[in-house]
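Colleague: Need coordinates for the following:
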Amino acid sequence: MKKIEAIIVPGKLDAVRAELERRGINATLTLIKVQQAEERKAPSHTEMAGAFADRLKVELIVGERQVQRAVDIITQYGQVALLRVNEALQIVPPLTNV
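Modeller: Model prediction:
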């Protein structure tokens, strides 16, 4: 298994989800809102206000056979990092009787 981390603009999230699903990759996406500073040498005070843009960090874990397809899809929309995962645990809260 591999963990894929990508930074995308929020407006591209639906396109990423749809394309992953269309290509048969049904991984759960974890989304984290982040601010990413754009690289500039010496921004002025007025430029600094616009230097930060909202982004989403998208994380998903996929099987070995799906890695390249998922990376290819997400690379169309953002920057991707690929990490090896030896074990994944899903922790869910216990069911309570209501």
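Colleague: Measure how far stretch 9-17 is from the centre of its chain, please.
Modeller: The chain centroid and the centroid of stretch 9-17 are separated by 10 Å under Cα atoms, centre = their mean, to the nearest Å.
Colleague: And stretch 64-74, by the same measure?
Modeller: With Cα atoms, centre = their mean, you get 13 Å for stretch 64-74.
Colleague: which of the residues in it are buried?
Modeller: 66, 67, 70, 71, 73, 74 (16 or more other Cβ atoms under 10 Å). (Glycine included, C-beta is placed from N, CA and C.)
Colleague: Do you know the pLDDT at the residue nearest to the last one when sequence neighbours are not counted?
Modeller: Spelled out, that is residue 74. Among residues not flanking residue 74 along the chain, residue 6 sits closest, at 4.6 Å (Cβ to Cβ, 6 or more residues apart in numbering). Per-residue pLDDT puts residue 6 at 89.
Colleague: Now do the contacts for residue 6.
Modeller: Residue 6 makes contacts with 16, 57, 58, 59, 74, 75, 77, 78, 79, 80, 81, as judged by Cβ atoms under 8 Å, 6 or more residues apart in numbering.
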